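[1] Below are the sequence and a predicted model for it; my questions follow.
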Number of protein chains: 2
Amino acid sequence: MTKKPDNKKSALHISKGKANSSNINQNFKYKRRKDLGVDDYIAGLLAGDRVILGRAISLVESQQAKDQLKAQQIIEKCLPYSGNSLRIGLTGTPGVGKSTFIDCFGQEILQAGHRLAVLAIDPSSQLTKGSILGDKTRMQQLSVHPKVFVRPSPAGASLGGVARKTRETVILCETAGFDAIVIETVGVGQSETAVHSMVDFFLLLLLPNAGDELQGIKRGVMEMADLIAINKADGDNITAAKLAKKQCRNGLHLFPPKPSDWVATAETCSALEGKGLDKIWQHIQAYRRQTTINGYFQEHRKQQAKYWMEESINEQLKSLFMSHPSIQQQFKAIEQQVIEGKISPFRAAENLIALFKGP
Amino acid sequence: MTKKPDNKKSALHISKGKANSSNINQNFKYKRRKDLGVDDYIAGLLAGDRVILGRAISLVESQQAKDQLKAQQIIEKCLPYSGNSLRIGLTGTPGVGKSTFIDCFGQEILQAGHRLAVLAIDPSSQLTKGSILGDKTRMQQLSVHPKVFVRPSPAGASLGGVARKTRETVILCETAGFDAIVIETVGVGQSETAVHSMVDFFLLLLLPNAGDELQGIKRGVMEMADLIAINKADGDNITAAKLAKKQCRNGLHLFPPKPSDWVATAETCSALEGKGLDKIWQHIQAYRRQTTINGYFQEHRKQQAKYWMEESINEQLKSLFMSHPSIQQQFKAIEQQVIEGKISPFRAAENLIALFKGP
């Protein structure tokens, strides 16, 4: 994740941006990058400055301790300004046309008067160099729009790390005035669960040949969906897409009601032809209205915050445990005994915990 | 969980039991209960003695430290004799007729030459006094059969505790020669996941009015099922049951293939009339054959052992964390700050971990 692309993009947009945003950019021009203080960041974010936003995200993504310290200070100060957005999760297998979909669907969001940030979670981005969104040219309309901010997936060894960075990036984007956030992920491992636990609405994109298509969707993802959109419902695919919609609706019908009381359904759309996207946006707006009235929207956010605290504690406890010298020395051997049935899993756990606690 | 019922039941069966089993019982008659040593237990279990099995399970279920110590010693010595059984998980909402189903379906298992143990996981049993299986009279045929051992759910505050006791009980039952184990649970909270992670085959019982019925099934349970059996397919219900079977098959078709390569399906049955149970047993046997050949059966057991070790470590780490004096003092307040959005979940987790690690 270099800082260059953001600078370039920002340079493109300065003329189109808000007046005060441009002013701030000019002020910062005369400061050396490393001189920016926490309050400079906050001022820049509150002014909706893209360069500052990009640099703040880079701090969040940095591995360096001093960057991390500053990032945490910025996040803390941003918290009171965050939360005022609609967070939409989007998933679908490679080839379903996520980028094209976002590029077109984003127009619906913009027409509704929102400022849109597009983020991504791709735990494999370290290997693929962030291929999902790395190539911003895939979103030709959005990537040049003054009210849109596009950021590829942060790199990271663990999904937990990548997810945390994205969650903090959401806070920064909201502080910078982006009140619609789309977080995209590809169906790899647990990344949908991570996205699902940080968004208000979860959208699953499928191809018209749903029978085969669903083979690629990880277990449980369909159950998370608040809406299934059958994309590429155009040309020769229209009949297949309609059938897929019916199949999906039947399938969704078999699931129990969601805690949000929202009834998930399926729609067809064509990002290529710009068809059906308005219906999808209507569903999302209906979801927001319904869950705001029944209180789920707010309650869900609180539960998500608790969830992330618990997840983070668990992750840190595990890492504390696994990095303990006695555990490092003996874990593999004891695990092997468990696999071979020579020691019960519970006894093994107790022995390891005893080692961890020390004498 | 008193020890009396087991004594009574055993007294009923001594005459029908194996010869060496009776001998051992006679030897033990002259020993005071508390005098039984670990080796006595092992000898009794290996002889298939029900009284000893019941008492060993009571040790596993005991809250007392000295009982637990002895229980762990017994479990360790049983491990080499365990594993030679087919473990079947069974779930379904109250009213689906699980007890009647097991009572009839057990006959199929017995006719195949197996010795059958019926266990249960019901985390609510502390409140309901083990109502699922507490009343053994619900299984009239099985509860008096000499080759069957029925044990109600252990009581326990946490699902983790209840699940652990049941998993250890499986080891004891297998050592006592029970080579078919049915573990029943009711659809409350995470109990299906716990059962799923300790069995080879997972059977979901549904009522013929599947549309409504599925409303009561917890998310994800349907995906866990290796087979769905629509019970009560008798009398006026036959048409509805056939429709439910079709709906379920369509629904299952939407899920991706299982790691076992087993294709889950649905069947109708009537435990009341004893119909369709042979087909269910055939599916289970086919599953065992297929997964033994492709290696999944054995590999799955290894993964389950690892899973339980990890779960147990996580649970103990959490308990270590939550019982730390500084955490006890500050957890609630910090959690509240997270819920109110005054501190980020990640920062809160770090602060708490720092308290846990101490100065």
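    Arrived safely, thanks for sending. A quick note: this is a predicted structure, and the numbers were derived from the prediction, not measured.
[2] All the helices of the stretch 51-200 of chain A, residue numbers only.
    A:65-78, A:98-111, A:125-128, A:131-134, A:159-175, A:191-196 (DSSP state H, counting those that start in this stretch).
[3] Include mean pLDDT, distance to residue B:351 and mean neighbour count when you put these into CSV, please.
    To be clear about C-beta, it is placed using only N, CA and C from the backbone, and glycine gets the same treatment. Compiled in CSV, those are given as follows (pLDDT from 0 to 100; distance: least, C-beta to C-beta, whole Å; neighbours: other C-beta atoms under 10 Å in any protein chain shown):
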stretch, mean pLDDT, distance to residue B:351, mean neighbour count
helix A:65-78, 93, 11, 17
helix A:98-111, 95, 36, 22
helix A:125-128, 48, 29, 15
helix A:131-134, 46, 33, 19
helix A:159-175, 92, 15, 23
helix A:191-196, 87, 22, 22
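[4] which residue is nearest the middle of chain A?
    Taking C-alpha atoms, centre = their mean, the centroid of chain A lies closest to residue A:183, which sits 3.5 Å from it.
[5] since we're on the closest residue to that residue other than its chain neighbours, how many residues are nearby?
    Take residue A:183 and drop its neighbours on the chain: the residue closest to it by C-beta to C-beta, 6 or more residues apart in numbering or on different chains is residue A:119, 4.9 Å away. Other residues within reach of residue A:119, judged by other C-beta atoms under 10 Å in any protein chain shown, total 27.
[6] What of residue A:352?
    Quick note: residue A:352 (other C-beta under 10 Å) scores 23 neighbours.
[7] sorry, back to before: out of the helices of the stretch 51-200 of chain A, which gets nearest to residue A:152?
    Residue A:152 sits nearest to helix A:131-134 of all the helices of the stretch 51-200 of chain A, at 4.3 Å, using C-beta to C-beta.
[8] list the buried ones in the strand or helix carrying residue A:42?
    Residue A:42 belongs to helix A:38-46 when elements are defined using DSSP states H and E. For helix A:38-46, burial by neighbour count (16 or more other C-beta atoms under 10 Å in any protein chain shown) applies to A:38, A:40, A:41, A:42, A:43, A:44, A:45, A:46.
[9] from these, which is closest to residue A:318?
    Closest to residue A:318, out of all of the buried residues of helix A:38-46 and judged by C-beta to C-beta, is residue A:38, at 30.9 Å.
[10] I figured the residue nearest to the centre of chain A hits residue A:91, correct?
    No: using C-beta atoms under 8 Å as the test, residue A:183 is too far from residue A:91 to be in contact (9.3 Å).
[11] shared neighbours, the two?
    residue A:195 (C-beta atoms under 8 Å, 6 or more residues apart in numbering or on different chains).
[12] picking up where we left off before, who's in contact with the residue nearest to residue A:183?
    Here residue A:119 is in contact with A:151, A:153, A:166, A:169, A:170, A:173, A:181, A:182, A:183, A:184 (C-beta under 8 Å, 6+ apart).
[13] Leaving out the residues flanking it, which one is nearest to the fifth one?
    Meaning residue A:170. residue A:181 (5.7 Å).
[14] so who does the one you found touch?
    Contacts of residue A:181 by C-beta under 8 Å, 6+ apart are A:85, A:86, A:87, A:88, A:116, A:117, A:118, A:119, A:170, A:173, A:174, A:199.
[15] repeat that for 7 Å
    By C-beta atoms under 7 Å, 6 or more residues apart in numbering or on different chains, residue A:181 lies in contact with A:85, A:87, A:88, A:117, A:119, A:170, A:173.
[16] ok, of the buried residues of helix A:38-46, which one's closest to residue B:294?
    Using C-beta to C-beta, the buried residues of helix A:38-46 come closest to residue B:294 at residue A:45, 54.9 Å.
[17] how far does stretch A:233-242 stretch from start to finish?
    8 Å (C-alpha to C-alpha, to the nearest Å).
[18] pLDDT of it, averaged?
    Across stretch A:233-242, the average pLDDT comes to 93.
[19] what residues does the stretch 51-200 of chain A put near chain B?
    Residues of the stretch 51-200 of chain A lying close to chain B (C-beta under 7 Å from any C-beta of the partner chain) are A:72, A:75, A:76, A:79, A:83, A:164.
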